[in-house]
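> Sequence plus the predicted model coming up.
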Amino acid sequence: MLTPSTRLKLQDIIGRIASEQTVTLQERIFVQKFADRDATVASWLRRARRQQQPPPVTGVDQLLHQLDLGDAEPDGGRRHPNDDIGDWFTGAPGWLRRS
């Protein structure tokens, strides 16, 4: 359960994230700490990230956006389009590569 002062602080930071204003690293860590433990805060943060993107015009993407479903990140959370799990294993310890 969030205290009223914590809730207001979280909502202020998340509001600034949604409107693409400056948010410090400490504030982002503070919000993420609560988002990891509280589904409501995680939902607020996901909506703020969605507001940073232009809404889809038609189709299933628009429905998912309206229902607040799917990935909030435009690239689905992938950082590099050429990521391959095999590349990860090449840098892994020997015992893991043999597995």
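Good, I have the coordinates. Model, not experiment: these values are computed from the prediction.
> alpha carbons only for contacts and neighbour counts from here, please
Will do.
> got the contact list for P55?
Contact partners of P55, counting by CA atoms under 8 Å, 6 or more residues apart in numbering, are 62, 65.
> State the pLDDT value of it.
For P55, the pLDDT comes out at 71.
> when you give positions from now on, start the count at 27
Will do, 27 is the new start, and the previous item becomes P81.
> And it, its phi and psi?
In this entry, P81 is assigned phi and psi values of phi -70, psi 150 (degrees, to the nearest 10).
> Quick check: it vs D87, distance?
P81 sits 9 Å away from D87, going by CA to CA, to the nearest Å.
> the helices in this protein, which residues?
30-44, 51-63, 65-77, 85-92, 111-116, 120-124 (DSSP state H).
> Looking at those helices, which one is packed in the most?
Counting by mean count of other CA atoms under 10 Å, helix 65-77 has the highest mean neighbour count of the helices of the chain, with a mean of 17.
> now the helices of the chain as JSON lines including mean pLDDT?
As requested, the helices of the chain are exported to JSON lines (pLDDT from 0 to 100):
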{"stretch": "helix 30-44", "mean pLDDT": "95"}
{"stretch": "helix 51-63", "mean pLDDT": "94"}
{"stretch": "helix 65-77", "mean pLDDT": "88"}
{"stretch": "helix 85-92", "mean pLDDT": "78"}
{"stretch": "helix 111-116", "mean pLDDT": "65"}
{"stretch": "helix 120-124", "mean pLDDT": "60"}
